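Engineer: sequence below, structure please.
(chains A and B)
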Amino acid sequence: MKATLTLADGTSFTGRSFGSEGEAAGEVVFNTSMTGYQEILTDPSYEGQLVTMTYPQIGNVGVNPEDDESRRPFVKGFIVKEYCPVPSNWRATQALHEYMREHRIVGIEGVDTRALVTHIRKRGAQEGIISTARRDQAALTEKAQRLGGLEGRDLVKNVSCREPYTWDQGGWRMGSGFARADAPEFHVVAYDYGIKFNILRGLVEAGCAVTVVPAWTPAEEVLALEPHGIFLSNGPGDPAAVAYAAENVRKLVGRRPIFGICLGHQILGLALGGRTFKLKFGHHGGNQPVMDLTTGKVEITTQNHGFAVDADSLEGAVEVTHVNLNDRTVEGLRHREHPIFSVQYHPEASPGPHDADYLFERFRGLMAGA
Amino acid sequence: MPKRTDIESILLIGSGPIIIGQACEFDYSGTQALKALREEGYRVILVNSNPATIMTDPEFADRTYVEPLDAGVVTKIIEAERPDALLPTLGGQTALNLAIELAETGVLERYGVEMIGARLEAIKKAEDRDRFKEAMARIGLDLPRSVYVHSFEEALAARAELASLPLIIRPSRTLGGSGANIAFTEDEFVAMARSGLQISPVHEVLVEESVLGWKEFELEVMRDHKDNVVIVCPIENFDPMGVHTGDSITVAPAQTLTDKEYQVMRDAALRIIREIGVDTGGSNIQFAVNPDNGRLVVIEMNPRVSRSSALASKATGFPIAKIAAKLAVGYTLDEIPNDVTRETPACFEPTIDYVVVKVPRFTFEKFPQTRDVLTTQMKSVGEAMSMGRTFKEALQKAMRSLETNSYGFEQPEFAATLRSDDGLPGTARVAGGDVEALLEERLHRPRSDRLWTLGAAFRAGFTVSRLYALTGIDPWFLQHIQAIIEKEDEIRQRFDDIAEADREFWAEVKNMGFSDKRLAELSGRPEDDIRTQRMNAGVLAGFRTVDTCGAEFEAFTPYYYSTYEGTQESRRSDRRKIMILGGGPNRIGQGIEFDYCCVQAAFALKEDGFETLMVNCNPETVSTDYDTSDKLYFEPLTLEDVLNIAAQERPDGVIVQFGGQTPLKLALALERAGVPIIGTSPDSIDLAEDRERFKELLEELHLRQPLNGTARSTDEALRVAESIGYPVLVRPSYVLGGRAMEIVYEEAKLREYLVSAFQASVEHPVLIDKFLDDATEVDVDAIADGERVVIGGIMEHIERAGVHSGDSACSIPPRTLSPAVQAEIRRQAMALATALKVRGLMNVQFAVKGEEVYILEVNPRASRTVPFVSKAIGVSLAKLAARVMAGRTLHELGFTKEIVPPHVSVKESVLPFNKFAGVDTLLGPEMKSTGEVMGIDQTFGKAFAKAQMAGGMRLPDSGTALFSLPDQHRQGAAGIARSLAALGFHIAATGGTVDSFKTAGIPVEAVPDIDDTLRRKAVAMVVNTHANESYRNDGYLVRRNALDRQIPYFTTLAGAEAAVEAIEFLKAGELTVQPLQDYQRHARDRA
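Structural biologist: This next block holds a predicted model:
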């Protein structure tokens, strides 16, 4: 079946439908990871987005029960060059298109994804609609234009858990699967702005028992859980639109060691008096070089963000610790007085390199020293 | 940290001659390294014995030693140059082994030379299997279970311990995995263990648990001294474990790993490079993965730049060798900019938005006695790489890049005649039990034609799962081949109904990688029609940038591949532009020499202000480096693909005479399509290649050639041979490298030959020449601009006429030719160049018998000897020729007179016989060598000795010299035997040779059976010539035995004579070294 992708600026791409049929609308972004499409589909940070994979062969390894990064997929629509219907991998239990049908993710294949990516790179991220039904491009363009951007929208409330829960699953190992928590030393409360499971696993591996709480949980309630440390998770959209989050974090500064990732990092930046801004087309991929300014060493990182903390807005108590070597944007910061730090990128990887997993240990160190 | 300032000069070791397992990828890596190091201001000293390389061009290093890669020789170079550092990781295993030897014998310490890139300790840890095994255990990584054995008894014990067959037998410390094998049966195990122990220089064999059929992956890893590590590219092999990586079809990036599994592999690679302790630079790590449970085992690590590094560089646009060189002198990855994006650093992992497929090229047809079966010992001689937006597209592009006359999944020849349902030969669906059995048999043990066989199997109704069970090739790959074959059926059936303007259809099949030519075959229409119809439908090739980043950043590097998706990223400039067509995959007969010429042309024309456009598909080469030319099109060299580029670029000129036979084959069709070919006209090329036209030309010029004729049928051939008299030299027309060329002594043999020749070359007739026994062959390279002809060099062959010029050793200046003969050769060459209106290069082969000069062949194009001549005379003929083709005159360029150098240069060929068990080592008119070396010195004896040494032949200084000769050669050999006796050799001989020597007064020991003698006696050298066909078979065992025992053997008296001269020198004096720059200065001073 034919399908089209229509962008708000009127550009359209044709392809074939795969996965669910129907219509999907959202901001069109691209991801440059060559592996890990299942993790990408289930990353809550993609709430409200249509994801284009730059790697052209997708579906090769099917889908398996271990590689979900959250309770369900959040990507609204999936744009690929060629979908491979017959997966080949020893862990695969399902073909990707079945999984997408099951979760009502609209997909389009046969798209000249490179032309699309080049377009986004030049024009910036914009809204788009994948449709397997409607043919009227003008109507689709108009609809895409009416969608409005991500700025100012609180998407966190769509993805955060509704009730607190505890987590004790550890990291994945070849041959034995996921480990179990082994006599945790610390208790961490994790704010769920759209948290990825592998972050929780990283915390467990660092010796933590984790309580996950909804994004809007008041600071007082968090402290009442008597955590050794507080974790601020990744999540979708504009950090400035989740003012309540920064508000709560501000109250926690100085009370407990804090570690933030991605949206959690941006929220921390806001809480510490900084500003955030929207990047032209964001960083979405698994090959971004980040330099740790304290050691001069470079780590290859996974990133997935459309907004960033403005370096010039940080002063006084806050210090930039990591920068992106591609565009010199802020990738990490730390409080000069309190045991508080955060990174823009994803040390939990999944998908992506494990170069930065030392950060979980660093958090543990802060809790041990507190 | 910026670059090191405590070192000023660096010695780089090259990889020597092209051999199977070590090809021109090390010219690419060495050239990149030299450029990078000199850019940083270091004084660079290079040693490499291979004159056909770009790196040995004197402008690439401060001091260029074309000398044997031998520890003694390199020690002398170190003594003379006193380098501060030695960079051993860019010259393949050869350089690494040499560096180990220099370090272990204390040479480096004695002269205060620091090993940079990888320290001795790290190299040894990676190379020594035991230590590597221990190291892997320390970091918790698995290897296949294995046992080292040093004797046959130990081998049997290991066999018992590892229990189940098959087992892998790996002799230690051999090149390119040579000698490695898989034993499926008890008998095979016994035989392989024995021969493995024998060929291992350290008499050690690894007996290993079989991971046969597992998935194979490779990661290219880079590390800097601050311990930043990046993976340049994961590569997945199409062929499962059991086929040497060099012989495997490989795909980038990896296709069948989830992220979790890939990251486990990536983590392992990081741990390995850190544990082994490769300080800086690139390494290659191979893994095997059990397809049933994901178990990962480490196969091996190369602590150096490798063939796969070249592939990964070309596949991603990340220049591994250049960066490895910069890291070796102290830079860190984050300090080196990414040339492609300019804004971002080299400290990142490339992401690609296309699929890369490499397919190896084999030449089993050259060695009919060897079985076409792929094993853990590498046998391919070259490779082609292609890029496409999907695996299907890349695969089909790679197949047509191979230049094996395939343009897609044609029905293989063996299946073409099989019973078919609808009576269409070659393309039809085959059915029936016999067919299935045949296909199964041909797929069970992988062969070089497995892709086409898989296609045939799908046509015969095999399923993916059945083929997976049969081949171990991952179902992911198989499903794409199945889809292609199904689409072929649809094309065949539906083609007539497809409306001309059915854009969707054309886009779909072109995006699947179908070539116009294959579509023509499938639809039964001419290729031109297909092309027109497709273009009318608006489906045109667009060119995409290889940008390392999946379009995330703007790319500045003009490196392109085509796809039929539509968008065009290559922008045509308004500069004057010249397109150079490269030589495609290396093969015997067409190798690095042609790439050398293409690269030289690009350099020269760039200097002259042209925009240069390179087209090639060989990932090993310097020509496919993105900074060699202004724009690189990494594309198959077929008419369709070249016309696409020509349409996009509309070049002012296209050069077809530098890439060997590959572009020449396209010349006429390109010209017909309106593409401007510059240089000698395609008509002149045809005139020289067309025997009958050429014969007329020679008659006009009153030049002599051996009696000859052309035959289009067996009867005609027999008549021609009869009239000119046996022996005759026969060959199909239009071949390079003497493919299928043979000397035939009698009618019966001619009949036998004709059966195969006519089958091999249907469209072209067979050429028959009188074979001049005992003549001296001479090669001449000349250059002409339409007005003036200048001789580049006259090369006298060491071997007599009858040995292919590509396999023969030769010397500049000529060794024995009289001044009168030389003058006559010059006169004839010039007359030919003028008559053929040559603009550019020309090569003429002469045979000299007595004082008579015969013309054997003229090729108005770059020849294999151009780089050798250029190095011998100190002038780049290819550069001059490129400029001449672009309109300059030789007068303007200041090259008006032949240079006869005061020193002697000897070229020697390097043969691959040790890779092909059971193959006769006798040289003949069909070329078999893979590479060449050069020896250069003041006298012939010295230069020849160096050439032999460089070619891997250790000339003896004492011992037994064994002669086994036919009647005709015995008298001529007496002088050789006498000289050897005088040098202290003990002379032994067989049969009639004994009497002949006795008569000549030479003390000689009679030995009854040569083969037996070789087995029992310590023989130092063998002289074993042949006079006719029957003798060739008699001598086979001797020659093979000598090879297997690495005993110098001479199959011609001329070769033996030259060896005696060399031995005299080796015994008399000290070998000295001198760089090319000095030779050339002396030559200039003298001139």
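
Engineer: how many other residues sit next to the closest residue to residue B:897 other than its chain neighbours?
Structural biologist: Closest residue to residue B:897 apart from its sequence neighbours, by CB to CB, 6 or more residues apart in numbering or on different chains: residue B:790 at 6.5 Å. Where you see a C-beta, it was placed from the backbone N, CA and C, and this is true even at glycine. For residue B:790, the count of nearby residues is 20 (other CB atoms under 10 Å in any protein chain shown).

Engineer: assumed residue B:790 was part of a helix.
Structural biologist: No - the assignment for residue B:790, made by DSSP: H, G, I helix; E, B strand; the rest coil, is strand rather than a helix.

Engineer: how distant is stretch B:78-88 from the center of its chain?
Structural biologist: 29 Å (CA atoms, centre = their mean, to the nearest Å).

Engineer: between the two ends of that stretch, how far is it?
Structural biologist: Taking CA to CA, to the nearest Å, the first and last residues of stretch B:78-88 lie 14 Å apart.

Engineer: got a list of contacts for it?
Structural biologist: B:6-13, B:33, B:37, B:45, B:63, B:95-96, B:98-99, B:102, B:107-108, B:111-118, B:123, B:304, B:325, B:328, B:1073 (CB atoms under 8 Å, 6 or more residues apart in numbering or on different chains).

Engineer: helix, strand or coil: sort out the closest residue to chain B within the stretch 151-300 of chain A for me.
Structural biologist: Taking CB to the nearest CB as the measure, the stretch 151-300 of chain A has residue A:287 as its residue closest to chain B, at 4.1 Å. Following three-state DSSP, the label given to residue A:287 is strand.

Engineer: list the buried ones in the helix or strand that contains residue B:93?
Structural biologist: In the assignment (DSSP states H and E), residue B:93 maps to helix B:92-104. Residues of helix B:92-104 classed as buried: B:92, B:93, B:94, B:95, B:96, B:97, B:98, B:99, B:100, B:101, B:102, B:103 (neighbour count, 16 or more other CB atoms under 10 Å in any protein chain shown).

Engineer: spell out which parts of the stretch 601-750 of chain B neighbour chain A.
Structural biologist: Contacts of the stretch 601-750 of chain B with chain A, taken as CB under 8 Å from any CB of the partner chain, are absent.

Engineer: in the stretch 601-750 of chain B, what residue spans correspond to helices?
Structural biologist: Taking DSSP state H, counting those that start in this stretch as the test, the helices found in the stretch 601-750 of chain B are B:639-649, B:661-672, B:682-689, B:691-701, B:714-724, B:747-760.

Engineer: got it, and the stretch 251-370 of chain A?
Structural biologist: A:263-271, A:358-369.

Engineer: residues of the stretch 201-350 of chain B that sit close to chain A?
Structural biologist: B:226-228, B:230, B:234, B:253-264, B:266-267, B:291-296, B:332-334, B:343-345, B:347-350.

Engineer: up against chain B, what does the stretch 101-250 of chain A have?
Structural biologist: Going by CB under 8 Å from any CB, the residues of the stretch 101-250 of chain A near chain B are A:112, A:113, A:114, A:115, A:117, A:118, A:121, A:172, A:174, A:175.

Engineer: ok, now with 10 Å
Structural biologist: Those residues of the stretch 101-250 of chain A that sit near chain B, judged by CB under 10 Å from any CB of the partner chain, are A:110-122, A:171-175, A:198.

Engineer: just the buried ones from these?
Structural biologist: The buried subset of those - by 16+ other CB under 10 Å - is A:110-121, A:171-172, A:174, A:198.

Engineer: CA atoms of stretch B:524-539 as CSV?
Structural biologist: The C-alpha coordinates for stretch B:524-539 follow below in CSV (Å, rounded to 0.1, in the frame of the first residue of the first chain):
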residue,chain,number,x,y,z
GLY,B,524,15.6,-9.9,-24.5
ARG,B,525,16.2,-6.4,-25.8
PRO,B,526,19.3,-4.5,-26.6
GLU,B,527,20.9,-2.6,-23.7
ASP,B,528,20.7,0.6,-25.6
ASP,B,529,16.9,0.3,-25.7
ILE,B,530,16.7,-0.4,-22.0
ARG,B,531,18.7,2.6,-21.3
THR,B,532,16.6,4.9,-23.6
GLN,B,533,13.4,3.6,-22.2
ARG,B,534,14.5,4.0,-18.6
MET,B,535,15.7,7.5,-19.2
ASN,B,536,12.5,8.3,-20.9
ALA,B,537,10.7,7.2,-17.8
GLY,B,538,12.8,9.7,-15.9
VAL,B,539,14.8,7.2,-13.8
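
Engineer: hang on, the earlier thing: tell me the mean pLDDT for the helix holding residue B:93?
Structural biologist: Mean pLDDT, helix B:92-104: 95.

Engineer: past it, which element shows up next along the chain?
Structural biologist: helix B:107-110.

Engineer: which secondary structure elements does that following helix contact?
Structural biologist: If you count contacts as 3 or more CB pairs under 10 Å, 6 or more residues apart in numbering or on different chains; DSSP states H and E, helix B:107-110 packs onto helix B:71-81, strand B:85-87, helix B:92-104.
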